[in-house]
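Participant: need a 3D model of the following:
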Amino acid sequence: MAATELPCFSPETCVGSDPPSLVELEPSGRHACHAAVWPVWQALVAAAAKVGMELAAVSAYRSFATQEAIWNAKWRGERLVLNRAGELVEMSCLNDAERMAAILVWSALPGASRHHWGTEFDVIDRAALPKGYVVQLVPAEYAAGGPFAKLGRWLDENLEVRGFHRPYRRDLGGVAPEPWHLSCTAVAGEASRRLRLAHLQEAIASSAMEGRATVLADLPALYERYVRRVDRPPPLRKRLTK
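Facilitator: Prediction:
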């Protein structure tokens, strides 16, 4: 995708309060992506199909309101929270700062989720699902012996040359590694460049987010650790010649 074709992201779109131009991924309408990302996603799906996999998104675009609902449910203990080892966290035993830290291992702050941009996909191989299996989106599913091990290996070899990368490939001390999370490199890069701490601060301050005061008190550090500290794609030349 040429630089001249990249869409412009407003502050409101960056924080999820104003959606970009979206295209539904499937007729069900459950998931959507940025219109500029759609052809890149379709090409990745087609490539996976050639080797017998049915690449599907279990999450794509999310609004601020959707991310806020996820955050609030986890804060209240209404939705499971796991630690870095995949163990259940008992939220009722934690103070506000500890609750915030526990949620941030796997879930972004409302306004800070890359899913707001329509450039991100949490993916599975639908053809590999055992009957009755409930997807958990944990690293073990993509490791050797997991139902999506083949998909994980294929993504390792094909992802970057097809315009995507994994922003949470390694544990950098922020978000835990997410082998299922794919980012459309060119368009997401534009959104990332335009997102500012001030935009996020304004969105959270005017929200109904649980733990808002605790988050705002530490927001500059959270922004650096959980928003900016991500894996970057390799240089374009290396991706094209891989």
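Participant: list the contacts of the residue in the chain sticking out farthest from the centre.
Facilitator: Ranked by distance from the centre of the chain (Cα atoms, centre = their mean), the top residue is residue 93, with 27.7 Å. Contacts for residue 93 (Cβ atoms under 8 Å, 6 or more residues apart in numbering) come out as none. Every residue, glycine included, has its C-beta placed from N, CA and C.
Participant: tell me what the helix or strand that residue 150 is a member of is packed against?
Facilitator: Assessed by DSSP states H and E, residue 150 sits inside helix 149-158. Packing partners of helix 149-158 (3 or more Cβ pairs under 8 Å, 6 or more residues apart in numbering; DSSP states H and E): helix 38-49, strand 120-125.
Participant: next, format these as JSON lines and append distance to residue 30, mean pLDDT and mean neighbour count.
Facilitator: Rendered in JSON lines, the data for these read as follows (distance: least, Cβ to Cβ, whole Å; pLDDT from 0 to 100; neighbours: other Cβ atoms under 10 Å):
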{"stretch": "helix 38-49", "distance to residue 30": "15", "mean pLDDT": "98", "mean neighbour count": "16"}
{"stretch": "strand 120-125", "distance to residue 30": "12", "mean pLDDT": "98", "mean neighbour count": "24"}
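Participant: and the ones you listed: which comes nearest residue 144?
Facilitator: Comparison of the helices and strands packed on helix 149-158 against residue 144 by Cβ to Cβ identifies strand 120-125 as nearest, at 14.9 Å.
Participant: give me the contacts around the closest one.
Facilitator: So strand 120-125 is in contact with 33, 41, 48, 53-61, 113-114, 135, 137, 141, 147-148, 150-151, 155, 167, 178, 180-184, 188, going by Cβ under 8 Å, 6+ apart.
Participant: can you tell me which of those are buried?
Facilitator: Neighbour-count burial (16 or more other Cβ atoms under 10 Å) applied to the contacts of strand 120-125 gives 33, 41, 48, 53, 55-57, 59-61, 113-114, 137, 141, 147-148, 150-151, 155, 167, 178, 180-184, 188.
Participant: narrow the contacts of strand 120-125 to those in helices?
Facilitator: 41, 48, 150-151, 155, 188 (DSSP state H).
Participant: as JSON lines, the residues you listed with distance to residue 211 would be great.
Facilitator: Formatted as JSON lines, the ones in helices among the contacts of strand 120-125 follow (distance: Cβ to Cβ, whole Å):
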{"residue": "41", "distance to residue 211": "34"}
{"residue": "48", "distance to residue 211": "39"}
{"residue": "150", "distance to residue 211": "39"}
{"residue": "151", "distance to residue 211": "35"}
{"residue": "155", "distance to residue 211": "34"}
{"residue": "188", "distance to residue 211": "27"}
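Participant: farthest-apart pair in the residues you listed, please.
Facilitator: Taking Cβ to Cβ as the measure, the ones in helices among the contacts of strand 120-125 span a maximum distance of 25.4 Å, between 150 and 188.
Participant: got the buried residues for the stretch of helix or strand residue 13 belongs to?
Facilitator: Residue 13 belongs to helix 11-14 when assigned by DSSP H and E. Of the residues in helix 11-14, 11, 13-14 count as buried by neighbour count, 16+ other Cβ under 10 Å.
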